[in-house]
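>>> Fold the following, please.
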Amino acid sequence: MITSADNEKLKTIRKLQQKSWRTKLGLFSAEGEDLIHPDAEFVLRAGIDVEPELLDAVSTLGSGTRVIGVYKQRWAEPVGDVLVYLHRVEDPGNVGTIIRSAHALADATVVLGPGCADAYSPKAVRASMGSIFARPPASATLDALDGQKMALDVTAERRLSEVDVKAPAILVMGSERGALPDAEGLERVHIPVHAESLNVAMAATVALYEVANRMAADG
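As a prediction, the model looks like this:
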């Protein structure tokens, strides 16, 4: 059992709280029993592999943790019947939630464009609730993607439900206050709401449900 804070595994977990180290090592950490995956570099369990107070000291959760796993980062190719392209979505919780929704509703890949939060940050990994393992993210520019590009824009005239959706369909999502990217053939659509707008993760979830159901109905 690990009894020293100078243990190399604990040092690695501390380093992975910083994006620069995650990038350098190509690793990330996941905390909590719900996020432990078989394909781990190593797993530390409180009271079994490490003294509980030492594991709590490297936890990013305010209440501490019972288990932390370390994994290799995986990156997908930006292909599929449905993609979600994120443009400058800076909140890691939103990025992780969108990865979870894309996996659950459309078995789709999230593509991170420039200016997005790190999908392998602790907050994003927690928000993905394990979907980061099943559907790892991709990285690309919007111009590099081929398909029907639909940007969610509250000021657009056409509703998403009015569009004839065809694969590959690319849902383009931006931050609530940021500008959407310019791209050739980009169609702007909206989801009708009674409030001023939806959080980007909520909007992506609604749009994914609509697109996945439409494509399933069309066969």
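
>>> Can you verify Asp118 is assigned to a strand?
No - Asp118 is assigned coil when assessed by DSSP: H, G, I helix; E, B strand; the rest coil, not a strand.

>>> Confirm for me that it is in contact with Ile132.
No - using C-beta atoms under 8 Å, Asp118 is not in contact with Ile132; the gap is 11.3 Å. In this view, the C-beta of every residue, glycine as well, is placed from N, C-alpha and C.

>>> How about the contacts made by the closest residue to Leu55 other than its chain neighbours?
Residue nearest to Leu55 in three dimensions, not counting chain neighbours: Ala46, with 4.7 Å by C-beta to C-beta, 6 or more residues apart in numbering. Applying C-beta atoms under 8 Å, 6 or more residues apart in numbering, we find Ala46 in contact with 52, 55-56, 65-67.

>>> and which of those residues is nearest Gly174?
Thr65 (33.3 Å; C-beta to C-beta).

>>> Around Ala117, how many other residues sit close by?
Neighbours of Ala117 under the rule other C-beta atoms under 10 Å: 20.

>>> correction: Met1
Met1, neighbours per other C-beta under 10 Å, totals 10.

>>> Thought Pro52 was touching it, still the case?
No - using C-beta under 8 Å as the test, Met1 is too far from Pro52 to be in contact (10.3 Å).

>>> Using PDB, list the CA coordinates for stretch 130-143.
The C-alpha trace of stretch 130-143 is given here as PDB (Å, rounded to 0.1, in the frame of the first residue of the first chain):
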ATOM      1  CA  GLY A 130     -17.900   7.400 -19.100                       C
ATOM      2  CA  SER A 131     -18.800   8.300 -22.600                       C
ATOM      3  CA  ILE A 132     -15.300   9.700 -23.100                       C
ATOM      4  CA  PHE A 133     -14.200   6.000 -23.200                       C
ATOM      5  CA  ALA A 134     -16.900   4.800 -25.600                       C
ATOM      6  CA  ARG A 135     -16.900   7.800 -27.900                       C
ATOM      7  CA  PRO A 136     -13.500   9.700 -27.600                       C
ATOM      8  CA  PRO A 137     -13.500  13.100 -29.100                       C
ATOM      9  CA  ALA A 138     -12.000  14.200 -32.400                       C
ATOM     10  CA  SER A 139     -10.100  17.400 -33.300                       C
ATOM     11  CA  ALA A 140     -10.500  19.300 -36.600                       C
ATOM     12  CA  THR A 141     -11.400  22.600 -38.200                       C
ATOM     13  CA  LEU A 142     -14.900  23.000 -39.600                       C
ATOM     14  CA  ASP A 143     -13.600  23.500 -43.100                       C
END
